[in-house]
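A.B. asks: predicted structure and sequence below. I'll ask about it afterward.
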Amino acid sequence: MARVFSGVQPTGNIHLGNYLGALKQFVELQDQEECIYCIVDEHAITVPQDPKELREHVLDVAALYLAIGIDPKKSIVFVQSQVSGHAELGWICTCNTSTGELFRMTQFKAKSGGKESVGTGLLVYPTLMAADILLYDAEIVPVGNDQKQHIELTRDIAQRMNFKYGDDCFVVPDGRFMKAGARIMALDDPTSKMSKSATNELSRISLLDEPNKIKKAIMKATTDSDGVVKFDIENKPGISNLMTIYAAFTDMSFDEIEKKYEGHGYGDFKKDLVVIVQDALAPIRERYEEIRHSDELIEILEDGAKRARAIAEPVLKRVQDKVGFGYDK
Ligand code: AQP
């Protein structure tokens, strides 16, 4: 069994991009591997957060994890800040990373948006993400395509520290990316990725959206004017993005979808997609409502943190010994 680690930020409701790019893999993997799934609240504070809202969002994401099918008997589910090893190893990773590597990260460039000064967390969070993964000796990291650069940095840090301190310092992890859904684009602008923090609500579909909101977002989604259902990312990014969502939920190939809608306009395709997405999300919303305010949810997180600490502590100790922390008695 390989060990798997991944996480999601509690920065708002999980959307189709998070689900199809990452979370769907979380569920698939738990039957074959040893899975650890985290709610990364320490990453969330790289941008300003209202403390009360942040605590609520942590539980929202935890409940969504369970609602999509993560089984706490098979997987460890916990909150990052409840395992202190993340921050401790994060510091060690930061000290083994150059500023040049961090300034090159595309997400830093996008999030700092040319401002002269931004929170330091926005610059250094990739080293915390590296620590999140390395702390568990994880071999597989299921994530969306936008995290490729972060996984590469994690591998670089692990290899560099293995060279410096000995090969058994870290396990070098690999990213795992979906064939369909690794990058879902915004519905109102298929050139930027679907994101929790975009201001236009209709740019995304959140897993908890009501059927009417799902319908509105899909029917209004930006497409082109030639009306042919054809997968062509370069020239037809809008319909290609919708086809990606269609394929991810139905397991149909793009060829099959194209054949099915030959001679039909976008209207018929979009109407069917509305039903597909509504049907897929209805049971998730139902399960979420059952679990979100239950005592069970808190118990699962407490138990998860305990199990996570049991794995993390010896790994942290191993690395601390290697870098020379502590003293001989
Ligand atoms: N559009 C996307 N398509 C496919 N996968 C995606 N992921 C995010 N957006 C897409 C994947 O979802 C996982 C969790 O992401 P996250 O919440 O930790 O952070 P993020 O990438 O910053 O997500 P958002 O939605 O864009 O949040 P904001 O707006 O707060 O920055 C990751 O595996 C990610 O790859």
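C.D. replies: Noted; the coordinates are in hand.
A.B. asks: which parts of this protein are helices?
C.D. replies: With helices called from DSSP state H, the chain shows them at 16-18, 24-29, 41-44, 51-67, 85-94, 99-103, 106-112, 120-134, 148-165, 211-219, 237-250, 254-260, 266-291, 295-323.
A.B. asks: just these: most buried one?
C.D. replies: Neighbour counts (mean count of other CB atoms under 10 Å) averaged over each of the helices of the chain peak at helix 16-18, with a mean of 26. All C-beta atoms are positioned from the backbone trio N, CA, C, and that covers glycine.
A.B. asks: what residues does the protein put near the ligand?
C.D. replies: 8-9, 11, 17-18, 21-22, 143-144, 146-147, 182-184, 193-197 (CB under 6 Å from any ligand atom).
A.B. asks: now intersect those with the strands, please.
C.D. replies: V8 (DSSP state E).
A.B. asks: in PyMOL, how would I select just the buried ones from the residues of the chain next to the ligand?
C.D. replies: Listed next is the PyMOL selection for buried residues among the residues of the chain next to the ligand, using 16 or more other CB atoms under 10 Å:
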select buried, resi 8+9+11+17+18+21+22+143+144+146+147+182+183+184+193+194+195+196
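A.B. asks: the worst-scoring helix or strand of the chain on mean pLDDT packs against which elements?
C.D. replies: The helix or strand of the chain with the poorest confidence is helix 106-112; it has a mean of 90 (mean pLDDT, DSSP states H and E). For helix 106-112, the packing partners by 3 or more CB pairs under 8 Å, 6 or more residues apart in numbering; DSSP states H and E come out as helix 120-134, helix 148-165.
A.B. asks: mean pLDDT and distance to L64 added to those, as a markdown table?
C.D. replies: Putting the helices and strands packed on helix 106-112 into a markdown table (pLDDT from 0 to 100; distance: least, CB to CB, whole Å) gives the following:
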| stretch | mean pLDDT | distance to L64 |
| --- | --- | --- |
| helix 120-134 | 97 | 19 |
| helix 148-165 | 98 | 22 |
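A.B. asks: how about these in JSON lines, adding distance to V27?
C.D. replies: Formatted as JSON lines, the helices and strands packed on helix 106-112 follow (distance: least, CB to CB, whole Å):
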{"stretch": "helix 120-134", "distance to V27": "19"}
{"stretch": "helix 148-165", "distance to V27": "20"}
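A.B. asks: for the ligand, what's its nearest residue on the stretch 201-329 of the chain.
C.D. replies: Closest residue of the stretch 201-329 of the chain to the ligand, CB to the nearest ligand atom: R204 (7.9 Å).
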